[in-house]
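Visitor: based on what follows, work out the 3D shape:
(2 chains)
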Number of protein chains: 2
Amino acid sequence: MADPGRLERLERRVRELEEELAREKRGRGAARARIDTMSPEVTDSNPYSRLMALKRMGIVKDYEKIRTFTVAVVGVGGVGSVTAEMLTRCGIGKLLLFDYDKVELANMNRLFFQPHQAGLSKVQAAEHTLRNINPDVQFEVHNYNITTLDNFEHFMGRISNGALEEGKPVDLVLSCVDNFEARMAINTACNELGQIWMESGVSENAVSGHIQLIIPGESACFACAPPLVVAANIDEKTLKREGVCAASLPTTMGVVAGMLVQNVLKYLLNFGTVSYYLGYNAMQDFFPTMSMKPNPQCSDHNCRKQQENYKKKEAARPKEEVIEKEEEIVHEDNDWGIELVSEISEDELKAASGPVPDLPEGISVAYTIPDKEENLMTGETVAESEESLEELMAKMRNM
Amino acid sequence: MADPGRLERLERRVRELEEELAREKRGRGAARARIDTMSPEVTDSNPYSRLMALKRMGIVKDYEKIRTFTVAVVGVGGVGSVTAEMLTRCGIGKLLLFDYDKVELANMNRLFFQPHQAGLSKVQAAEHTLRNINPDVQFEVHNYNITTLDNFEHFMGRISNGALEEGKPVDLVLSCVDNFEARMAINTACNELGQIWMESGVSENAVSGHIQLIIPGESACFACAPPLVVAANIDEKTLKREGVCAASLPTTMGVVAGMLVQNVLKYLLNFGTVSYYLGYNAMQDFFPTMSMKPNPQCSDHNCRKQQENYKKKEAARPKEEVIEKEEEIVHEDNDWGIELVSEISEDELKAASGPVPDLPEGISVAYTIPDKEENLMTGETVAESEESLEELMAKMRNM
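Guide: Sure, this is the predicted structure:
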């Protein structure tokens, strides 16, 4: 034999490699075993102890109930991925994730995805990470664009039937998408299904954002009033081809995801005050709140139908409850029913906008109010506008 | 030879194992190559394109400057880990991390750490994850408790000398610790060094938090006025032994980390308004802001010395600038100089506190104002207190 020690060296090498491989695999971790019942026990090994402590602290009556809920997250980008992670760590029952994008290195300025995931589909990468974090959560992921006709039908089907108990609707839909078309698709679906949902958005200049609760028929839907946020209806791909790239920050997106999931927890677990609208302006650290009544002339007929249903339901309620409801003050000269509940004045609102960048046609910066001469959807700086909220409402009415 | 095929089988096994190991390692990723210069180029492979877009959007003049800054993060828990991740993804020059805790499954209800990291030191686990996310950032981690005498000296040394250019001080210290003693240690160090820092905190009931900018001599330090937040000075271990476990939520901690790093970016990159104090009350979604002047009778002599230095520096300034400064309104009947800048009334502040849990002696819930008969550091519900801000100040003065 030419090399008498070769066999032993190979055997040793195999053992070393097997050990290293085992270490690597352990490193990525099958993570932790499933846990059948949430326990309040205070031990280092209990991943739910700090959540169950919300009961002892008097914040939440029945934290375990979180396991019975299903939430659909549409858009798994800067806000959606962090939203899904927060819900996963809170021990939500089931998550449905919808997205058709791939992870890119260009996404690394926001939380959640990591460079080694570049090239994977966002839903696939997210599911892998989230299962690892909390194997008690059920995941259902869909790697498609909800706005195409077939996918939209399938999306509607999953919203109506995809709860923990198949055939039951999800408890909440969260919109974490970055474009007008997808928001309108979610709005259409939820109006048709009477599905309660929450909207979220971050401005193109990265320094403001908002969340909004939409209860079909009860609060304004996305079609009732064009929001002050959101870029115009331009194909995302066109933008990218032209070399336009919106700014984004992990801070703003983290804050918006935090506000969103906090609102979800308050809504599902019944504590605190659920916000109908909460804005975030990072330049000035101000957080406007408001609530909007639905528009009786909404272009979405399902919204108008839901409004009728809501009115009937309200009328059928016992008297006392109705009276309590009526205490909500609506500006009488404003048939959109928009009421600014916060203490922030219009001037403060104006002053709080960041400088306005040079943007291509059709993109407007969040929270800027368009000029009198301009179309509603092309942005102009707020500081340049003399328009009152009432004038803006009048203009919207004439669109 | 007993087994003639053995050699070939072993050779094949070694090749297979090497390939699998390479795949595993690729999976976790050497991630991405280092990038020498931040580019604004809009390509999927550029991790800085969305940050450099802040320049085109008119928000930040010189985003690349972020690479010249060093930030120290003390405490790598629920707020500190997310803070470090945000700064890493933003492309900060250098991060110093200080913590002495180990990752536990009980931490999994907050963002960042993953179950397979349980048992590792927090700084070690964090460094591994963060390097993988952005290899352009320099990391220096210290696995010790800064409050012991020797470690405190070393901590002071690294704050004074640990910048990108060794021998220069860091640009900012961020306190993300969860106890009074560590906050006081950071306060003592920063007062002695004249080091600007930011404080952060989350309440024991998980539904409120705050951030605060402290410029020694110019704004109130941690010893100037006992904050309305923070548990009393009780050993953390004592609490754990008694089976007490504070509640925490990934939402609240994510929002606080986002507010903190947003303030850091605004401070370092010179955009927007840097907040002196920003609170977050999750129950009502309100965000109080205020600023506090230092206490001339502060118990920390280095704070008093810094106040003298600041006065001299202000007096030596050209006249116009001084006049501008004087426009800040301070309540004259309040020699703590505490001014509530926000629009939130005292009643709203009171109403916004959550229900008060049954807590052991010495723990108080953030943002509750103690009862007249009670010691300042033992909590009572805000709703039960009739005390005005002025009365509270008077009581603090007599402590």
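
Visitor: just give the closest residue to A:Thr273, not the sequence neighbours.
Guide: B:Gln284 (5.3 Å; C-beta to C-beta, 6 or more residues apart in numbering or on different chains). All C-beta atoms are positioned from the backbone trio N, CA, C, and that covers glycine.

Visitor: which parts of the stretch 101-250 of chain A sit against chain B?
Guide: A:104-106, A:108-111, A:114-116, A:118, A:132-134, A:204-207, A:240, A:243-250 (C-beta under 8 Å from any C-beta of the partner chain).

Visitor: just the buried ones from those?
Guide: Applying a neighbour-count criterion of 16 or more other C-beta atoms under 10 Å in any protein chain shown, the buried members of those are A:104-106, A:108-111, A:114-116, A:118, A:132-134, A:204-207, A:244-250.

Visitor: which residues of chain A fall in strands?
Guide: Ranges of strands within chain A are A:70-74, A:94-98, A:138-142, A:172-175, A:197-202, A:208-214, A:277-281, A:290-292, A:338-340, based on DSSP state E.

Visitor: mean pLDDT added to those strands, as CSV?
Guide: Shown next, in CSV, are these (pLDDT from 0 to 100):
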stretch, mean pLDDT
strand A:70-74, 98
strand A:94-98, 98
strand A:138-142, 98
strand A:172-175, 98
strand A:197-202, 96
strand A:208-214, 96
strand A:277-281, 95
strand A:290-292, 87
strand A:338-340, 39
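
Visitor: which one, of the ones you listed, ends up nearest to B:Thr188?
Guide: Comparison of these against B:Thr188 by C-beta to C-beta identifies strand A:277-281 as nearest, at 34.2 Å.

Visitor: output the contacting helices and strands for that closest one.
Guide: Judged by 3 or more C-beta pairs under 8 Å, 6 or more residues apart in numbering or on different chains; DSSP states H and E, strand A:277-281 is in contact with strand A:208-214, helix A:250-269, strand A:290-292.

Visitor: again, 6 Å this time
Guide: Applying 3 or more C-beta pairs under 6 Å, 6 or more residues apart in numbering or on different chains; DSSP states H and E, we find strand A:277-281 packed against strand A:208-214.

Visitor: direction-wise, compare the longest helix along chain A with helix B:6-28 and give the angle.
Guide: Taking DSSP state H as the criterion, chain A has its longest helix at helix A:6-28. Angle of helix A:6-28 versus helix B:6-28, following axes from the mean of the first three to the mean of the last three C-alpha atoms, to 10 degrees, is 20 degrees.

Visitor: let me see the mean pLDDT of helix A:6-28.
Guide: Averaged over helix A:6-28, pLDDT sits at 78.

Visitor: name the residues of that helix that are buried.
Guide: Residues of helix A:6-28 classed as buried: A:Leu10, A:Arg13, A:Val14, A:Leu17, A:Leu21, A:Glu24 (neighbour count, 16+ other C-beta under 10 Å).

Visitor: again, but for stretch A:302-313
Guide: Under the neighbour-count criterion of 16+ other C-beta under 10 Å, stretch A:302-313 has A:Asn302, A:Cys303, A:Arg304, A:Lys305, A:Gln306, A:Gln307, A:Tyr310 buried.

Visitor: stretch A:272-291 now?
Guide: In stretch A:272-291, counting by 16+ other C-beta under 10 Å, buried: A:272-291.

Visitor: quick one, what contacts A:Gly80?
Guide: Neighbouring residues of A:Gly80 by C-beta atoms under 6 Å, 6 or more residues apart in numbering or on different chains: A:Val73, A:Cys176.

Visitor: and A:Pro40, how far is that from A:Ala31?
Guide: 22 Å (C-beta to C-beta, to the nearest Å).

Visitor: same thing with A:Asn205?
Guide: According to C-beta to C-beta, A:Asn205 stands 38 Å off from A:Ala31.

Visitor: phi first, then psi, for the closest residue to A:Ser291 other than its chain neighbours.
Guide: Distances taken as C-beta to C-beta, 6+ apart put A:Tyr276 closest to A:Ser291, at 3.8 Å, once the chain neighbours are dropped. Note on A:Tyr276: its backbone torsions stand at phi -80, psi -40 [degrees, to the nearest 10].

Visitor: ok, A:Tyr276 - contacts?
Guide: Taking C-beta under 6 Å, 6+ apart as the criterion, A:Tyr276 is in contact with A:Leu213, A:Ser219, A:Ser291.

Visitor: now do A:Ser121
Guide: Here A:Ser121 is in contact with A:Lys102, A:Asn143 (criterion: C-beta under 6 Å, 6+ apart).

Visitor: what bridges to it?
Guide: With DSSP bridges as the criterion, A:Ser121 is bridged to A:Lys102.

Visitor: now the helices: where do they sit in chain A?
Guide: A:6-28, A:49-56, A:80-90, A:122-133, A:149-161, A:180-193, A:236-241, A:250-269, A:301-316, A:319-326, A:346-351, A:389-397.

Visitor: closest to B:Leu96 out of those?
Guide: So among the helices of chain A, helix A:250-269 is nearest, using C-beta to C-beta, at 19.6 Å.

Visitor: for that closest one, which outside residues touch it?
Guide: A:60, A:69, A:78-79, A:82-83, A:86, A:110-111, A:200, A:202, A:206, A:209, A:211, A:272, A:274-275, A:278, A:280, A:282, B:86, B:89, B:251, B:254-255, B:258, B:261-262, B:282.

Visitor: excluding its backbone neighbours, what's nearest A:Leu55?
Guide: Actually, residue A:55 is Lys rather than Leu. Excluding its sequence neighbours, the residue lying closest to A:Lys55 (C-beta to C-beta, 6+ apart) is A:Tyr63, at 5.5 Å.

Visitor: pretty sure that neighbour contacts A:Ala53?
Guide: No: look at A:Tyr63 against A:Ala53 with C-beta atoms under 6 Å: they stay out of range, at 8.7 Å.

Visitor: what residue in the stretch 51-200 of chain A comes nearest to chain B?
Guide: A:His116 (2.6 Å; C-beta to the nearest C-beta).

Visitor: what is the neighbour count of A:Ser299?
Guide: Applying other C-beta atoms under 10 Å in any protein chain shown, we find 11 other residues in the vicinity of A:Ser299.

Visitor: wait, it touches A:Ala223, no?
Guide: Yes: if you go by C-beta under 6 Å, A:Ser299 and A:Ala223 touch, sitting 5.3 Å apart.

Visitor: what residue is smack in the middle of chain A?
Guide: Residue closest to the average C-alpha location in chain A (C-alpha atoms, centre = their mean): A:Cys176, at 3.6 Å.

Visitor: which residues touch that one?
Guide: Contacts of A:Cys176 (C-beta under 6 Å, 6+ apart): A:Val73, A:Gly75, A:Val79, A:Gly80, A:Thr83, A:Ser200.

Visitor: pLDDT at it, what is it?
Guide: Predicted confidence (pLDDT) for A:Cys176: 98.

Visitor: next: A:Asp358.
Guide: pLDDT recorded at A:Asp358 is 38.

Visitor: low-confidence ranges in the stretch 101-250 of chain A?
Guide: A:226-244 (pLDDT under 70).

Visitor: likewise the stretch 251-399 of chain A?
Guide: A:320-399.

Visitor: export stretch A:57-72 as CSV, just CAs?
Guide: The C-alpha coordinates for stretch A:57-72 follow below in CSV (Å, rounded to 0.1, in the frame of the first residue of the first chain):
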residue,chain,number,x,y,z
MET,A,57,-49.8,43.5,35.6
GLY,A,58,-53.5,44.0,35.0
ILE,A,59,-53.1,44.9,31.3
VAL,A,60,-54.7,41.9,29.6
LYS,A,61,-57.4,39.6,31.0
ASP,A,62,-56.8,36.5,29.0
TYR,A,63,-53.5,36.6,27.2
GLU,A,64,-53.7,32.9,26.1
LYS,A,65,-56.6,33.8,23.8
ILE,A,66,-54.0,35.1,21.3
ARG,A,67,-53.5,31.5,20.3
THR,A,68,-57.0,31.4,18.8
PHE,A,69,-56.5,34.2,16.4
THR,A,70,-55.5,34.3,12.7
VAL,A,71,-54.0,37.3,11.1
ALA,A,72,-53.3,37.8,7.4
